[in-house]
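> no sequence for this one, just the structure:
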Ligand code: URA
């Protein structure tokens, strides 16, 4: 049975793709390891590479503000990425890099055992929901896989580039809040 310690240590030593050689820090994940809700981005950016913590740069600050709207902070969710090492110049992680890293996310997901997974952006949605996922058309819709409800919202970097998408994301956030109330009433039920 994998533990958090053995998983992190395997990840620290990983040279399954070339990103391990160029990273400053592994960006393993952050938040509550027993959370009911898991957020998954695509890969670390510069600030994340420097600190070893996911979503602490400009996109992360926007994400924090977005989740504050629905009263969620990192004590209530876990957050990680499809790839744990920064792709050079923030390019999209390559298919082979995602393949080399996906086992770590699967193991993290087994340890957390979340009820809800929210993909942040098209890369995570394309890897976790459906390979032909269209974020512009399908964001905010829910699919159930076993015991887990999954959805995707625009990546906060996309919202920084194109603020006109923020109202749609606001609706998606409310839908996430409602799903938490429905699926985990003991923790998130309204009073
Ligand atoms: N973008 C991501 O997808 N992940 C991070 O950790 C930071 C920015």
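It's in. Only a predicted model underlies this, so the values are computations on that prediction, with no experimental measurement involved.
> for the helix or strand bottoming out on mean pLDDT in the chain, which positions count as buried?
Of all the helices and strands that make up the chain, helix 185-188 has the lowest average by mean pLDDT, DSSP states H and E, namely a mean of 93. When neighbours are counted by 16 or more other C-beta atoms under 10 Å, the buried residues of helix 185-188 are found to be residue 188. Backbone N, C-alpha and C define where each C-beta goes, glycine included.
> please begin residue numbering at 319 from this point
Understood, numbering begins at 319; the last thing we discussed is helix 503-506.
> list the contacts of it.
With C-beta atoms under 8 Å, 6 or more residues apart in numbering as the contact definition, helix 503-506 has outside contacts at 354, 394, 495, 498, 499.
> mind showing which ranges of the protein have poor pLDDT?
When residues are selected by pLDDT under 70, those of the chain lie in 508-509.
> quick one: the strands in it?
Along the chain, counting by DSSP state E, strands occupy 348-349, 355-359, 395-399, 434-438, 461-463, 466-471.
> burial-wise, tell me which of the ones you listed comes out on top.
With neighbours defined as mean count of other C-beta atoms under 10 Å, the strands of the chain peak in mean count at strand 355-359, which reaches a mean of 27.
> ok and that strand relative to strand 395-399, angle-wise?
Angle, strand 355-359 to strand 395-399, by axes from the mean of the first three to the mean of the last three C-alpha atoms, to 10 degrees: 20 degrees.
> of the contacts of helix 503-506, which is the most crowded?
The most crowded member of the contacts of helix 503-506 is residue 498, carrying 23 neighbours; neighbours defined as other C-beta atoms under 10 Å.
> tell me how far the nearest residue to it once chain neighbours are set aside lies from the ligand.
With C-beta to C-beta, 6 or more residues apart in numbering as the criterion, residue 498 has its nearest non-adjacent residue at 4.0 Å, and that residue is residue 506. Taking C-beta to the nearest ligand atom, to the nearest Å as the criterion, residue 506 is separated from the ligand by 24 Å.
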